[in-house]
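[1] generate coordinates for the sequence data below:
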Amino acid sequence: MVKHMFLKFFAVACAPVLVASATAENGKDFRHLLLAGGGLEVCSSFASDKCDDVDWIDKETMRTDRYLNISKKFRSKATSEAVWPSYREETRKKVVDALALIHDRINEDIVPERVFLREFTRRATQQLYNSLSDAEWNRIIDLLELPVPDAVREVVNLDESLKGESKAIFQRFLKMAQTVSESKQKPTIYFLTSASRNPYDAIDFYSSVFEQLGANAHWLPLDSAVVKAQRENRCDELAEVQQEVLGTYERDRVHRERYKEQVEFCKDTAAAAEMISSADGLFFNGGDQNLTRSTFLKPNNEPSDILKMIIANVQQKEIVVGGTSAGTAVMTSKPMISNGTTAQAIKEGAIASEPPPFGCHLDTTCPPNVGPDSLTYHPLGGLSLFHFATLDTHFSERGRHGRLLRLAAATSTPLSIGIDEKTALAVNLETGAFDVHGERGVFFVENAQSTDSAVAGTFHYLVAGASGVISPFGLQTAEFAESDDVVQTQPTTNFLTDRGLIDSMRILCGERNQVSLLNKSYRLVAQRGESSRVQAAGGECQIVNGSIGIAYQPEEKL
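    As a prediction, the model looks like this:
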C-alpha cells in the first residue's frame, strides 16, 4: 500500500517542465559569483598527499604539520577541570589517563598531530576517542598545540597537484576578478576565513594559491568573534571572545603575529570597508556557514553595513565574489541549509533551528528536538548575494539529494541547487547565465513536494562544460557538456551518503528509462520521461527534466 502511494505521489510531484536548448543573450560572459562545491584541494607543504612530487618541500622553512606538546604541563592544561564541564568529569579523567599512556608509549614530549591521532586511535584508547565530541577533541588539540613559528608558512605548489580541477576553479575566479580590475593583469583579491573555528589555519593556503595565480592576495580578518569584540569593545580580549564564539583556545599563543594583526584590525572600525573598496574579488572559505552568516548579519537578521557595501559593489560590477563549501551555501537569499543527512531528512523532516554541534549526542550539547543528523536550516537565508536558489555543497559525494529535496519541499522553494566537490557554478546575477567548471556536476531541483516519509521533484544534472540560464523558478535553458573526463571513483549504489544516485543514473543515457535503488529502509526512483533530454559526458549521464523520488519505507510498512 505504501509503495503504491509513493509511486502516485512521485508521478504528481514530478510533472515535466519544458526546457529549450539555448544560451543567454546579453552579457552572458560576465559572472558576478563563483560557487564551488568544496573539496578544492591542491598540493601544499601541509598536504603532501595531494602532490605528484614532494622533493620541493623544505621542512626547515615550510609548515608541514601541526605539532603538539604532550609533556605533563600541557597535558594538565588540556585536561583541567576549568575547561571541562562538570557533567563530563568521568570522560575528563579518562582523557587524563589516555594522554599519560600515549606519552609513555611515545616517550617524547613533542609530536606531530598525525602521530598523536594515530596513537589515540589505537585499541587501548579507541573507544574513548569515539566517545569524544568534536568540541572536546578540538579543545584537547588547541591546548596541546605548539606555537607556529612566524617565519614558517604553508606553501602551495599548484603545478605539482595530482589533479588540476581545483587549480582551474581558482583560475576561473581570478579571471572573473580581472574583468573588474583596473589593471586587468594583477587583480586584488581579499579572502575571508570567517567560516573557520580557527581563523588563522587557512591564511597561508589562500595567500599562496592566489599569489601563485598572479593576484595581489590579502586576508580580510573579519569574522564573528571580531564582530562581537567590536560590539562589546573587547578587541584586546579577542582570545576570550574567540573561545566564547568559535570554541577555540589560546589562538593568541599559537598564532601570535596573526592574532596581533586581527586585534589591530578589530580596533580599526574603518579597515573592513577600506579593504573591500580596494578589492576586485572576495573569496569566502569553507567550514561553518552559520559563522559567516553571523559575521555579516546582526542578531535581528538585518545586514551589516559591510554586507550592504559588498552587495552594492557586486551589483555595480565593482567586485566579484567566490566561495567554497560553507562559503557557497551562505550566499543564498533562500532558506540556508546548515546540517543534516538524507536519511534523517526523509524520516524526520526539516527543522528551522540552529545547527547542532558535531557529535553533540556524545556530550549532550544538541539543541532541543535536534539530533546530530537532523536537517536544520535558517529560514531567512544567508548573505543574499545569490537570489535564485537554496545552495548545497559536497553534494553527490555525500548523497545530499534527499536532504535538498526535503528542504525545498518544506520551504516551498521553487529551485534548489547542489554542487559537487571540485566543481563550481559561475553565475551572472542579472541574466541568470551560468557555466559549470571543474571535475563533476551540478544538480538542480524544481517543484519539490513531500509527504511525512517521502520527497519527490523534477531534477536536472549538468557536468563541467555545460552552460545555461536559470531564474528563481527553475532552469530555463541548458547546453550539455561534451566532456571526456571520467570520475575515477569506484561505483556505488549507496545514495544515502555516497554517489549512488549519480553512478546508477548513468543507465538513463542508455536504453533504460528508470533506475530504482534500495538502501537500508529507503527507496529511490529516478527516471526520464517524454520531456527529458539526456546526453552522456565523460561516463556521467546529463539530464534535463528528469524525475526523482525518495521514500522512507521500513520493512514493517511494506
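[2] residues in contact with the helix or strand hosting residue 391: which ones?
    Residue 391 belongs to strand 390-392 when elements are defined using DSSP states H and E. For strand 390-392, contacts defined as Cβ atoms under 8 Å, 6 or more residues apart in numbering pick out 35, 328-329, 331-332, 334-337, 400, 403-404, 407-408, 411, 413, 415-419. The way it works is simple: take the backbone N, C-alpha and C, and place the C-beta from them, glycine included.
[3] now with 7 Å, please.
    35, 328-329, 331-332, 334-335, 337, 400, 404, 407-408, 413, 416-418 (Cβ atoms under 7 Å, 6 or more residues apart in numbering).
[4] for residue 273, state which of these is nearest.
    The shortest approach to residue 273 among the contacts of strand 390-392 belongs to residue 331, at 20.4 Å (Cβ to Cβ).
[5] SS state for residue 207?
    helix (DSSP: H, G, I helix; E, B strand; the rest coil).
[6] ok, back up a step: the strand holding residue 391: partners in the sheet, and parallel or antiparallel?
    strand 415-419 (parallel) (DSSP bridges).
[7] just the CA atoms of the strand it pairs with, as CSV, please.
    Coordinates of the C-alpha atoms in strand 415-419 are reproduced here as CSV (Å, rounded to 0.1, in the frame of the first residue of the first chain):
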residue,chain,number,x,y,z
LEU,A,415,14.6,26.0,-7.2
SER,A,416,17.4,24.4,-5.2
ILE,A,417,21.0,23.7,-6.4
GLY,A,418,23.5,21.1,-5.2
ILE,A,419,27.2,21.4,-6.3
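[8] next SSE downstream of it?
    strand 423-427.
[9] gap between residue 298 and residue 224?
    Between residue 298 and residue 224 the computed distance is 11 Å (Cβ to Cβ, to the nearest Å).
[10] pLDDT weak spots in this structure?
    1-28, 184, 556-558 (pLDDT under 70).
[11] can you do 50?
    Scanning the chain for pLDDT under 50 picks out the ranges 1-2, 5, 17-26, 558.
[12] in it, where's the longest helix?
    helix 89-106 (DSSP state H).
[13] quick one: residue 219 and residue 194 touch, right?
    No. Contact criterion Cβ atoms under 7 Å: residue 219 and residue 194 do not qualify, at 10.8 Å.
[14] neighbour count for residue 298 and residue 224, which is higher?
    Higher neighbour count among residue 298 and residue 224: residue 224, with 22 against 12, using other Cβ atoms under 10 Å.
[15] identify the residues contacting that one.
    Applying Cβ under 7 Å, 6+ apart, the residues contacting residue 224 are 194, 245, 291, 294-295.
[16] let's go with 8 Å and repeat that
    Per Cβ under 8 Å, 6+ apart, neighbours of residue 224: 194, 245-246, 291-292, 294-295.
[17] want to try a markdown table for these, with neighbour count as columns?
    What follows is the contacts of residue 224, written out as a markdown table (neighbours: other Cβ atoms under 10 Å):
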| residue | neighbour count |
| --- | --- |
| 194 | 28 |
| 245 | 20 |
| 246 | 20 |
| 291 | 21 |
| 292 | 29 |
| 294 | 18 |
| 295 | 24 |
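[18] circling back to that earlier point, overlap in contacts of residue 219 and residue 194?
    By Cβ under 8 Å, 6+ apart, no residue touches both residue 219 and residue 194.
[19] can you pull the domain assignment for this protein?
    Domain assignment for the chain by automatic domain parsing gives 1-29+326-482+494-558, 67-144.
[20] still on that earlier bit, please enumerate residues in contact with the longest helix of the chain?
    With Cβ under 8 Å, 6+ apart as the test, helix 89-106 has contacts from 70-72, 75, 78-79, 81, 84, 109, 115-116, 119-120, 124-125, 128, 131-132, 136, 140, 363.
[21] put the buried members of those residues into a ChimeraX selection.
    This is the ChimeraX syntax for the buried subset of the contacts of helix 89-106, where burial follows 16 or more other Cβ atoms under 10 Å:
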select :70,75,78,79,84,115,116,119,120,125,132,136,140,363
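[22] neighbours of the residue nearest to residue 62 when sequence neighbours are not counted, how many?
    Closest residue to residue 62 apart from its sequence neighbours, by Cβ to Cβ, 6 or more residues apart in numbering: residue 45 at 3.8 Å. Using other Cβ under 10 Å, residue 45 has 25 neighbouring residues.
[23] cool, and residue 553?
    Residue 553 has 19 nearby residues by other Cβ under 10 Å.
[24] and the gap between it and residue 64?
    Using Cβ to Cβ, residue 553 is found at 49 Å from residue 64.
[25] if anything else comes up later, I'll come back, but that's it for now.
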